[in-house]
Structure formats: structure tokens, C-alpha cells
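Novice: here is a sequence together with a model predicted from it:
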Amino acid sequence: MITVKYDNIDKLQEKIWLEITPDLFDQARKIYREIPSYRHDPILVKKAGQRAACLVWKDNNITVSRRKNQYRIATCEDYWDYTIEDAHMDLRLLEDADAYVFDEMEEYSMTLVQIIRKHWPERKIWFLDPNAKLFLEHDPEILCAASVEEITQELTSACADKEGSPDAGSSSCKSVRLMRIGGEGSGSITKEKIRNREYASLQVMHSIYWMSKEVSFGDRNPDRRIALIKSPLAFEGLAGTLRYVLTRAESIARSGFDAALVVDLGILGDENQFCGGSGQNVWDLYFEPLSDVSVSEAYQSRHVYLANDAMKTSDPWLWIQDADSDFTKLIPKYLRFNEKTQAFLEKQYQTIIPSHQGKILGIVGRGSDYNITLPKGYKGDLMRPLSPEEILEKTVRLLKEQGYEYAFLATEDAVVFDLFMNSGIKDRILYVPQERIDYSKTDGTEYLADLYKEMEERDGYQENLRYLGILNILSKCDALIATTLCGAVKIASGLNGGSYEYMDVPGTREE
């Protein structure tokens, strides 16, 4: 991103300068792209070729999480090459507003203004940055304001005047959708910011250009477009990996982009939980391809589009789609177990579940590192997991009141498992044998992925195959309860097709 600075102008030893024009940021980006040695230096900006007005500066695009940056699963494009005419731009997030307020003038805010002007010229735009006037003399319709409250009052007043006019329609002042870009919208993506339409300009850029990068790897498939879903997995588990692929596939389909879907989760050096850094394609280890185009064929094809969104996306639109995904629809549409996986799932189910069983209650006893991300006293969008004692109490009650013969317990948490196996219902608990973690003995800062890395003899492929089998068993239970909403719950209920006779999963806090 090219930002603007207004101080220390006179101290700059002039190396290069530009004139204030509507394409100023395009010119600056071109200079920084073609002359890397300039990237640590500001460019002086003059007005009418004489007066020094400001400096522009190249800042790297980064995400807010050090851990996610370290593992390259939340990368942001630097957007060296793009135009407002690019093919396959996705305007759905930007379209979801009637008016816009920008906190400051910089490269991306100017680009977004140009896109809005092209597609919705009737919509109002404000800047809270008083210096924005320097750049916007060519567009006198853009307004300046001192605060969002001032803009809200103006919109409310205009709406009230319209409603009081003889030809007023049925629209309400509350229907005016104002999007704020920058400032409070910067940083992490949250449900509250999405509700309020508050985003960083980089996030909005990501929502527009996430599927616009075309690469040619060869001459195969000259008449087909291929969408490549690719990201490091790092510390992400199986459920998170499934969510990533399924929601990205659906996002591409919803965007109207006609392309063969190819999943490549094999990146050499990506020290994930499945195959270390070997570079094996994790998707192919367990599942069938999403189309008739193989990964090797994709890397020989002429029209390949890179979904520029790592697993932990900085795109609010993809974030929304992931949060709202209905896995009971996505799993039948995209997910197919390969032959080896299917054979294992059937054998494991027959081994664990008695052939003469009655109704079975499925239990997801997730705790462990959820207590890191949701510490005591947390007041965000999610809730802390139920305690081991709380989930046991709920299980005992349901076995008694609802007539379940068995309970299938899925947990990696040794504390949860030991509590159940020392209870009065231990003979009615079914489970898959596995190594479990006593998370109470850790220092409280490690994630499951960190602990898995310490297990020298751990077979990542086999462990995750077993976990997939556990999800399969959960999906065939008659009912499902859980300590919290997590990936296991989402995938198991998706495999179940939404047909549980009873489901109780705390995890989302309703406002």
C-alpha cells in the first residue's frame, strides 16, 4: 500500500517527485515496482509543479497475527499489478452499501473511490481526512466531514426530508447502509465490524481482487479456466482444512466464475499436521479431486487463476461466507472420500459401534486450546467451552431422559476423557482409542498443533485418518452435543445432513 505523509516534507532530499493527479498512486506504484532500490524512500509530491504538498511512501501489506504471518496462512497481496478494469473482480462486499466514508487518503482508498464512481456514480462518498481535498479536485462531488456522527446526521436529515415529501417512498432512514473504510475498520475481522460495515481498505481490496490473478503454466486446456485453491496448512487441523476448501470452492461458484476447481495443499516445507514438510498434496491423501483436472495438469495449463486468499483470509467477504457456510449443502456438493479412506471409515465404524446398538448420543468434548483463544472473562462473539463436569452432567441427563443406549465420546482432551471413564456411565461410553492430551499440565500458551509437533513418533496421515473416522461416527449418531462450536461439530453435522433428532451446541452468543 502506498500511504501519504504530510510532515518532514522540507527535509526530504529530492530524489524523485510526482505531480498530484488522479493517477498519482498508479505512477508511484509503477516506480516502486520497477525500481526496488527506491522502496525505502519517499517520493515528493508537488502541486502545479511548484509547491511541495506531501510525501508518498510504500508500506508492505501485512496481517495482524504474528503467528499467522509466520506460517504464511494469512498472507496479503502487495498488489503490484492491478487496474479497476481487471477481469473477475468481485464487487459484492463493496456493493453492500449505499454510501461510503474513508478515514484517510492513500492508494487503496483512491482505487476504491474510482471503482465506486465507475459502478455506482450516484452513491455519496465522504473523507474524514481533510487533506484528501488535495487529491480530489477532479471530483467535486466527494464530500469532507469531521466525524462519522456528522455524516450519520446528514443522512438521517436527508432521509427525513425525503419521507416528508409528497412523493416519498417507503424507505426508512435506517435503511441507509454506510460503509466505513479505514480507521476502526483496520486490523482483525470481527462479527461486530462486519455488522457495522467497518473494514480496512486493504481488506476491501482483498475482497475485490482475490480471484483476478491469471497465470499461464503451459499450453494445456487452452479453452478452459482453472481455479487453483492453494494455501499452506501450518497448524490447521483436518476440520479447518475441510472448511477452507469447501468454502473457497463455493465462493468461486457463487462469484459466477466458470472454472474447473483444483485443490493443491502440497507445499514443500509446509510443516503441517498431516505430512510434515514433505510437500504431499494433503487433499489427495483423503479425498477425490473436485474436478476432472488433476493438480499436475493444472500446472501445465494456459489459464490458471490463483485464489489469492490464504487459509486465514483477510477478505471480509470470504470470512462472512465461511462463517455462514451450510456444510449440510457443501459436503454433498464437493466432498468425496477416496477409496482407501472410505474403506477405513467403514471398518472403523464396524469396530467401534456395536451391531445391536440402540440410539447413540454423539459428544464433542473440545476444550484444550480453545481455552487459549477464549480466556476467562472473554466477551467476544464466542463462548468458552462447557467444563468437563458440565458436559458430563448434560450427557447423564440425556441418557436417562431421552433413552440413548450409548454415548460416543470424541475428545482429544485427557481431562474430559478421564472424567467420563471414571463416572457412573463409563460402561455406556463408546470411543476410539487414541493418545489424549492433559492440557492442564501445559503452560497455557501452546496450541494442539504445537503439542502434536512434540510427538516424535506421530503418524500425521494415520492420526487424521482416524480423526476423519471419528467425525464419520459422530455423523451417524442419532443426536449431537458439544462443549462448544468448533470445526468437528460443523463437519460432523454436515456429514449428517442436518438430520440429528436432537442437537445442543453452545458456541455463538446471540445479541
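Specialist: Looks like it came in fine.
Novice: tell me how far the closest residue to residue 364 other than its chain neighbours lies from residue 503.
Specialist: Excluding its sequence neighbours, the residue lying closest to residue 364 (CB to CB, 6 or more residues apart in numbering) is residue 482, at 3.8 Å. In this view, the C-beta of every residue, glycine as well, is placed from N, C-alpha and C. Remark: distance between residue 482 and residue 503 (CB to CB, to the nearest Å) = 9 Å.
Novice: of those two, give the one with the bigger neighbour count.
Specialist: Neighbour count, other CB atoms under 10 Å: between residue 482 and residue 503, residue 482 has more, with 27 against 15.
Novice: next up, phi/psi of that one, please.
Specialist: Note on residue 482: its backbone torsions stand at phi -160, psi 160 [degrees, to the nearest 10].
Novice: ok, the one 10 residues further on next?
Specialist: The main-chain torsion angles of residue 492 are listed as degrees, to the nearest 10 and equal phi -60, psi -40.
Novice: now residue 35
Specialist: Backbone geometry at residue 35, expressed as degrees, to the nearest 10, gives phi -130, psi 80.
Novice: mind listing the strands for the stretch 151-300 of the chain?
Specialist: Applying DSSP state E, counting those that start in this stretch to the stretch 151-300 of the chain gives strands spanning 178-181, 198-199, 213-215, 226-230, 260-264.
Novice: quick one: distance of the second one to the chain centre.
Specialist: Spelled out, that is strand 198-199. Remark: strand 198-199 is offset 15 Å from the chain centroid, using CA atoms, centre = their mean, to the nearest Å.
Novice: could you do the third one as well?
Specialist: Its chain's C-alpha centre and that of strand 213-215 lie 21 Å apart, by CA atoms, centre = their mean.
Novice: can you check the first one too?
Specialist: From the chain centre to the centre of strand 178-181 is a distance of 20 Å (CA atoms, centre = their mean).
Novice: mind listing what residue 88 touches?
Specialist: 211-212, 255, 257, 305 (CB atoms under 8 Å, 6 or more residues apart in numbering).
Novice: one step back: if I look at the residue nearest to residue 364, how far off is residue 471?
Specialist: The gap separating residue 482 from residue 471 is 12 Å, by CB to CB.
Novice: one more: residue 315?
Specialist: 27 Å.
Novice: more crowded one of these two?
Specialist: Per other CB under 10 Å, whichever of residue 315 and residue 471 has more neighbours is residue 315, with 28 against 25.
Novice: in the stretch 1-150 of the chain, where is pLDDT below threshold?
Specialist: The stretch 1-150 of the chain contains residues with pLDDT under 70 at 10-15, 62-76.
Novice: strands along that one, start to end?
Specialist: Going by DSSP E, counting those that start in this stretch, the stretch 1-150 of the chain shows strands at 2-5, 17-19, 43-47, 51-58, 99-102, 124-127, 143-144.
Novice: and these: which comes nearest residue 180?
Specialist: strand 99-102 (5.1 Å; CB to CB).
Novice: tell me what the closest one is packed against?
Specialist: helix 107-119, strand 124-127, helix 148-164, strand 178-181 (3 or more CB pairs under 8 Å, 6 or more residues apart in numbering; DSSP states H and E).
Novice: can you redo these as CSV with distance to residue 466?
Specialist: Below are the helices and strands packed on strand 99-102 laid out as CSV (distance: least, CB to CB, whole Å):
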stretch, distance to residue 466
helix 107-119, 45
strand 124-127, 54
helix 148-164, 52
strand 178-181, 46
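Novice: for residue 279, which of those is the nearest?
Specialist: Between the helices and strands packed on strand 99-102, helix 107-119 lies closest to residue 279; by CB to CB that is 34.3 Å.
Novice: return the set of buried residues in the closest one.
Specialist: Neighbour-count burial for helix 107-119 flags 107-116 (criterion: 16 or more other CB atoms under 10 Å).
Novice: just the CA atoms of that helix, as PDB, please.
Specialist: The C-alpha trace of helix 107-119 is given here as PDB (Å, rounded to 0.1, in the frame of the first residue of the first chain):
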ATOM      1  CA  GLU A 107      -3.500   4.300  -2.600                       C
ATOM      2  CA  TYR A 108      -6.400   1.800  -1.900                       C
ATOM      3  CA  SER A 109      -8.900   4.400  -0.800                       C
ATOM      4  CA  MET A 110      -8.300   6.300  -4.100                       C
ATOM      5  CA  THR A 111      -8.700   3.000  -6.000                       C
ATOM      6  CA  LEU A 112     -12.000   2.200  -4.200                       C
ATOM      7  CA  VAL A 113     -13.300   5.700  -4.900                       C
ATOM      8  CA  GLN A 114     -12.600   5.100  -8.600                       C
ATOM      9  CA  ILE A 115     -14.400   1.800  -8.600                       C
ATOM     10  CA  ILE A 116     -17.400   3.200  -6.800                       C
ATOM     11  CA  ARG A 117     -17.500   6.100  -9.200                       C
ATOM     12  CA  LYS A 118     -17.500   3.700 -12.200                       C
ATOM     13  CA  HIS A 119     -20.100   1.300 -10.900                       C
END
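Novice: for residue 487, which non-adjacent residue is closest in space?
Specialist: Nearest residue to residue 487, sequence neighbours excluded (CB to CB, 6+ apart): residue 239, at 2.6 Å.
Novice: wait, the one you found sits on residue 493?
Specialist: No. Contact criterion CB atoms under 8 Å: residue 239 and residue 493 do not qualify, at 11.3 Å.
Novice: which of those two has more neighbours?
Specialist: residue 493 (25 against 22).
Novice: for the helix or strand where the more buried one lies, name the packing helices and strands.
Specialist: Residue 493 is part of helix 487-496 when elements are defined by DSSP states H and E. When contacts are defined as 3+ CB pairs under 8 Å, 6+ apart, helix 487-496 sits against helix 238-254, helix 327-334, strand 360-364, helix 460-475, strand 479-482.
Novice: which is the succeeding secondary structure element to it?
Specialist: That would be, after helix 487-496 and using DSSP H and E, strand 502-504.
Novice: find the residue ranges of the protein scoring beneath the pLDDT cut-off.
Specialist: Within the chain, the set of residues satisfying pLDDT under 70 comprises 10-15, 62-76, 160-174, 183-187, 307-313, 367-384, 440-457, 507-511.
Novice: that older thread, I'd like to know how far the residue nearest to residue 487 sits from residue 324.
Specialist: With CB to CB as the criterion, residue 239 and residue 324 are 17 Å apart.
Novice: quick check, residue 222 in contact with residue 304.
Specialist: No. Residue 222 is not in contact with residue 304 according to CB under 8 Å; the separation is 11.9 Å.
Novice: which one's more surrounded, these two?
Specialist: Counted by other CB under 10 Å, residue 222 and residue 304 do not tie: residue 304 has more neighbours, with 24 against 10.
Novice: quick one: the more buried one and residue 293 touch, right?
Specialist: No. The pair residue 304 / residue 293 is not scored as a contact, 9.8 Å apart, by CB under 8 Å.
Novice: give me the common contacts of these two.
Specialist: The contact sets of residue 304 and residue 293 overlap at residue 226 (CB under 8 Å, 6+ apart).
Novice: for the stretch 201-350 of the chain, just list every one of the helices.
Specialist: 201-209, 238-254, 282-286, 295-298, 316-323, 327-334, 339-352 (DSSP state H, counting those that start in this stretch).
Novice: other residues contacting the third one?
Specialist: Helix 282-286 has contacts (CB under 8 Å, 6+ apart) with 233, 241, 245, 263-266, 272, 274-275, 289, 295, 337-338, 341, 461, 464-465, 468.
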